[in-house]
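predicted structure and sequence below. I'll ask about it afterward.
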Amino acid sequence: MSNAIEVDDVTKVFRLYSEKFSSLKERVIHGGKNPFQEFYALKNVSLEIQEGTSVGLLGHNGSGKSTLLKTIAGIIQPNSGEIRVKGRVSAMLEVGAGFHPELSGRDNIFLSATLLGLPVKEVKSRFDEIVEFSELGQFIDNQVKYYSSGMYARLGFAVAVNVDPDVLLVDEVLAVGDENFQRKCVERIKSFQKDGRTIVFVSHSPDLVRAICDFAYVLDHGNLIGEGSPAVAIADLRDSLSRNKGHVGGAIIGDAAAEGDPGVVLPADEPIVITSVKAVVEGKQTGDSTRIAPHDPLKIVVAYAAKREVSGANLTLSIIAPNSESVFTANSLDLKTDPFDIDSDGVFELYFDSVPLLDGVYGIAVTINDSTRVPLAWAEEKIGFQVVNPSLVSGLVALEFRVISK
């Protein structure tokens, strides 16, 4: 199978101006030059996309996804490197990109479709289909400057998918329309896939990338940092987001932890201090030690330092979902575990034979309590472990079911 798109060592640099001199005096004083900084939106990016495949581009805001898509579309030119695209390209990069606000929706259909390479005769033959897809029948002769953002998106996508492209570029515009429109767009994309067309798709929705894409690339500050199946790429993306937020490594311990959770009130003398909370996936390489698949086993290691003896100690463990809500909280006594007597530094090991969770980065919060369940020490690891879902199912909990036809 040949490549539809080849990106070879592409770099794109923008100039960021802190100030611009507009008066003649300022220009003379500064020699006609405005001070600027160079911003590398893409840094030596190379990738290949085969014909008939659907590929996702993932990354945080400002990672270079949209810039890469615009270079592939030919809207902007790279400073260095080369891009080769085979076939007609149709791009839906921004809401209403290319529309003239003073023209009607009807006129903008002809304008946009013609710019995308469709002859006027072909536009006329497909006009009714474009209007029907956009659901803008009664508004099609209104000026688009009066359109809502959702109407812009519907019209723009309707044009983009009806010009018979070989390569379709879509940049996070599906989030603008309502649920019915989004569903219609996904159905049209899937029909393109059946026709063997090439699709490059930018989205912040992991579930949408998983459902649509065969492969995905991950960008971070203009660098290509990951590639693979959607499940692998989504895991790389979450690792990147964790690094950018500075959450990697180290539990939140002691007073700072208590301030983060007003529900935890620790004694002033703190007889015990939790020194670390760590999720361990046994048998995994160090680089992937906190990644598991749904239903994999998991061990959580809680290390503590004892300042004085504590009798009848017990643990409360919480698993925190990506939306910061608890998906599981339990006390060791409720699980019929005998209380512990602590007289020196030590370690608790907690075992899950199976973790029935789906995609996401999950936090771990642990409290060591006295015999009356009064908290003595509390700590949280915000990036406890990551569940990488290799299947197409989505949601929060990994459930299994059978279908019986009668």
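Now that the structure is in, tell me what you want to look at.

domain-wise, how is the protein divided?
As recorded under automatic domain parsing, the domains making up the chain are 3-244, 252-387.

including mean neighbour count and distance to residue 398, could these go into JSON lines?
Every residue, glycine included, has its C-beta placed from N, CA and C. Output for those, formatted as JSON lines (neighbours: other Cβ atoms under 10 Å; distance: least, Cβ to Cβ, whole Å):
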{"stretch": "domain 3-244", "mean neighbour count": "18", "distance to residue 398": "13"}
{"stretch": "domain 252-387", "mean neighbour count": "16", "distance to residue 398": "4"}
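
same list (the ones you listed) but as JSON lines, adding distance to residue 401 and mean pLDDT.
Converted to JSON lines, those look like this (distance: least, Cβ to Cβ, whole Å; pLDDT from 0 to 100):
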{"stretch": "domain 3-244", "distance to residue 401": "19", "mean pLDDT": "83"}
{"stretch": "domain 252-387", "distance to residue 401": "13", "mean pLDDT": "81"}
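
between those domains, which gets nearest to residue 395?
Ranking those by proximity to residue 395 (Cβ to Cβ) places domain 252-387 first, at 5.5 Å.

now that closest one, how far from the centre of its chain.
Relative to its chain's centre, domain 252-387 lies at 27 Å (Cα atoms, centre = their mean, to the nearest Å).

kindly report the same for stretch 196-211.
Stretch 196-211 sits 11 Å away from the centroid of its parent chain (Cα atoms, centre = their mean).

what's the first-to-last distance across that stretch?
The first residue of stretch 196-211 is 17 Å away from its last residue (Cα to Cα, to the nearest Å).

and stretch 130-143, how far out from the chain's middle?
Centre-to-centre, stretch 130-143 and its host chain are 32 Å apart (Cα atoms, centre = their mean).

start to end distance for that stretch?
By Cα to Cα, the extent of stretch 130-143 from end to end equals 17 Å.

contacts for the host helix or strand of residue 122 next, please.
Using DSSP states H and E, residue 122 sits in helix 120-134. Residues outside helix 120-134 that contact it (Cβ atoms under 8 Å, 6 or more residues apart in numbering) are 105-106, 109-110, 113-114, 118, 137, 140, 151, 154-155, 157-159, 161-163, 184, 188.

hmm, residue 357 and residue 386 touching each other?
No: using Cβ atoms under 8 Å, residue 386 is not in contact with residue 357; the gap is 10.1 Å.

separation between the closest residue to residue 87 other than its chain neighbours and residue 86?
Using Cβ to Cβ, 6 or more residues apart in numbering and skipping the chain neighbours, the partner closest in space to residue 87 is residue 166 (2.7 Å). Distance, residue 166 to residue 86, using Cβ to Cβ, to the nearest Å: 7 Å.

overlap of the contact sets of these two?
Shared contacts of residue 166 and residue 86 (Cβ under 8 Å, 6+ apart): residue 4.

name the SS class of the most centrally placed residue in the chain, please.
Computing the C-alpha centroid of the chain and ranking residues by Cα atoms, centre = their mean puts residue 204 first, at 4.0 Å. Look at residue 204: counting by DSSP: H, G, I helix; E, B strand; the rest coil, its state is coil.

my guess is it meets residue 172, correct?
Yes: using Cβ under 8 Å, residue 204 is in contact with residue 172, at 6.4 Å.

please give the element, helix or strand, for residue 239.
Residue 239 belongs to helix 230-245, assigned by DSSP H and E.

got it, and residue 156?
Counting by DSSP H and E, residue 156 is found in helix 149-161.

what angle do helix 120-134 and that helix make with each other?
140 degrees (axes from the mean of the first three to the mean of the last three Cα atoms, to 10 degrees).
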